[in-house]
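# Fold the following and give me the result.
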Amino acid sequence: MANIRLISSSMKFHRIWAVILRYNYLFKHSLDRQVDAFYWPTVDLVLWGITSTYLASHGNNINFAVLMIISGIVLWIILWRGQYEFTVNILEDMWNKNLINMFASPLTLYEWISAFVLLGIVKASISVSYAALAAFILYKINLFVYGFKLLPFLFLLLMTGWWVGLMVGGLIVRFGGKVQNFAWSMVFLIAPFSAIYYPLAALPLWAQKIALIVPSSYIFEGARQVILTGVVDPVKIGAAIALNVLYLTLAFWFFKTSFKKVLQRGLVKLY
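This next block holds a predicted model:
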């Protein structure tokens, strides 16, 4: 395994494309992955939409409550999808004992990660477009009208998903299948502090302090401000960028270190 290359002076797009095709074929023939992409967003929209409509019917701000919950669900899908492409695809290669085959090729670690990033962008775009269309059909909420003003927040949500995915991926690579449940559960640790369906002011004081170091709290607050007022807050964007870059750097270092450590033991030790 000594010949496995972690870094290449010139990345080759055809190798990245080969990894993308490999996981895309898996997606096309895997019912559970298709369910993850389309079924669960629909279930979330229906259940939360009905719940929020019912609760709002007892108050004066029906449309406001429905808009906040539905928009939060749609935006959360982006973050979740970004981390999912890292964690579950790494697990898939472990379950199928395919990591040795992957890295017996000229594939580098950077190219492997780049494939996950591109997959996350494409699949998040598909899932969120589908969810936004479903929100319009089911609840007459049109998130498309906010156009380019929401784009920075959508990309920042993807960045948050990437560093969560790298952190969980590093744990999986380092400790193997015994921590595989983190692939689905870890991202929800930041959910209560992300202000997905409610403003930060609704949190207890101790939770608000934690939320200050969670980039997704700035993203959801900023996106909600766009939806409600049409105004983009550059301060929230700047804070989210700074935190995401910091955590992405640390997460990449952790993932790379974990991968080097497992190479010393041999990739077969993961199975």
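
# Would you map the helices across the stretch 1-150 of the chain?
Listed in chain order, the helices of the stretch 1-150 of the chain (DSSP state H, counting those that start in this stretch) span 13-28, 31-34, 40-56, 62-95, 99-104, 109-139.

# residues near G170, how many?
Neighbours of G170 under the rule other C-beta atoms under 10 Å: 23. For the C-beta atoms, the positions are set from N, CA and C on the backbone; glycine is no exception.

# Ok, V214 next?
22.

# do the same with I227
Residues near I227, counting by other C-beta under 10 Å: 20.

# just the one 3 residues further on next, same as before
The tally of other residues near G230 (other C-beta under 10 Å) stands at 10.

# surely it meets G147?
No. If you go by C-beta atoms under 8 Å, G230 and G147 don't touch, sitting 10.4 Å apart.

# What distance do you get for L203 to K256?
34 Å (C-beta to C-beta, to the nearest Å).

# er, I141 I mean
For I141 relative to K256 (C-beta to C-beta), the value is 41 Å.

# With neighbour numbers in mind, choose between those two.
Neighbour count, other C-beta under 10 Å: between I141 and K256, I141 has more, with 22 against 18.

# from what I can see the more buried one touches I73, true?
No. Here I141 does not reach I73: they are 10.4 Å apart, not a contact under C-beta under 8 Å.

# Overlap of the contact sets of the two?
A135 (C-beta atoms under 8 Å, 6 or more residues apart in numbering).

# Centre of the chain to the helix or strand hosting M167, how far?
Here M167, judged by DSSP states H and E, is contained in helix 151-175. Its chain's C-alpha centre and that of helix 151-175 lie 6 Å apart, by C-alpha atoms, centre = their mean, to the nearest Å.

# what comes up buried for that helix?
Across helix 151-175, burial judged by 16 or more other C-beta atoms under 10 Å covers 152-174.

# Also stretch 216-234?
216-227, 232.

# Can you lay out the residues you listed as a markdown table showing pLDDT and secondary structure?
Listed next are those as a markdown table, based on pLDDT from 0 to 100; DSSP: H, G, I helix; E, B strand; the rest coil:
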| residue | pLDDT | secondary structure |
| --- | --- | --- |
| S216 | 96 | helix |
| S217 | 96 | helix |
| Y218 | 97 | helix |
| I219 | 97 | helix |
| F220 | 95 | helix |
| E221 | 95 | helix |
| G222 | 96 | helix |
| A223 | 95 | helix |
| R224 | 91 | helix |
| Q225 | 93 | helix |
| V226 | 94 | helix |
| I227 | 90 | helix |
| V232 | 94 | coil |
